[in-house]
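Novice: Any chance you can model this:
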Amino acid sequence: MAFKLNWSPMARLDLKDIAAFVAEDSASAAERFVRSLFQTVEKLADFPESGRTVPEFNDPAIREVIRKPCRIVYRVDRGKRIVEIVRVWHAARGTPEIQ
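Specialist: Numbers count the residues shown, from 1 in each chain. Reported below is the predicted structural model:
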């Protein structure tokens with residue numbers, strides 16, 4: 001059975017900001033990027049531990065997958081079978097703050 005995907009309010013805001021930034025140059029590029037990012041995230045429902053542990057946090061429950069140029073940081077709750085997307089972070093911005 002697949003894990004449920006949840007997006008934190010901060011991750012939703014991150015995605016909105018990134019899409020708006022890309023759309024300043026090209027609305028179609030922003031659409032393609034967001035679609036590609038969602039495809040990356042949707043795979044986590046079936047493969048929640050496919051991403052690497054985020055090195056800066058050293059917590060096996062906090063993982064990330066890369067969809068260049070972004071780090072998609074997520075938290076796995078195996079007991080509740082939930083993957084929570086915590087942040088969508090542009091890699092050039094350094095380490096994301098998570099709650």
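Novice: Can you tell me the SS state at residue 55?
Specialist: coil (DSSP: H, G, I helix; E, B strand; the rest coil).
Novice: Now for it, how many residues are close by?
Specialist: Per other CB atoms under 10 Å, the neighbour tally for residue 55 reads 8. To be clear about C-beta, it is placed using only N, CA and C from the backbone, and glycine gets the same treatment.
Novice: roughly how far apart are it and residue 64?
Specialist: Distance, residue 55 to residue 64, using CB to CB, to the nearest Å: 9 Å.
Novice: Phi, psi for the most centrally placed residue in the chain please.
Specialist: Residue closest to the mean C-alpha point of the chain, counted by CA atoms, centre = their mean, is residue 72 at 2.6 Å. Torsion angles at residue 72 (phi, psi; degrees, to the nearest 10) stand at phi -100, psi 100.
Novice: correct me, but it touches residue 66?
Specialist: Yes: applying CB atoms under 8 Å, one finds residue 72 in contact with residue 66, separated by 7.4 Å.
Novice: How about the contacts made by the residue in the chain sticking out farthest from the centre?
Specialist: The C-alpha centroid of the chain is most remote from residue 25, which lies 22.5 Å away (CA atoms, centre = their mean). By CB atoms under 8 Å, 6 or more residues apart in numbering, residue 25 lies in contact with nothing.
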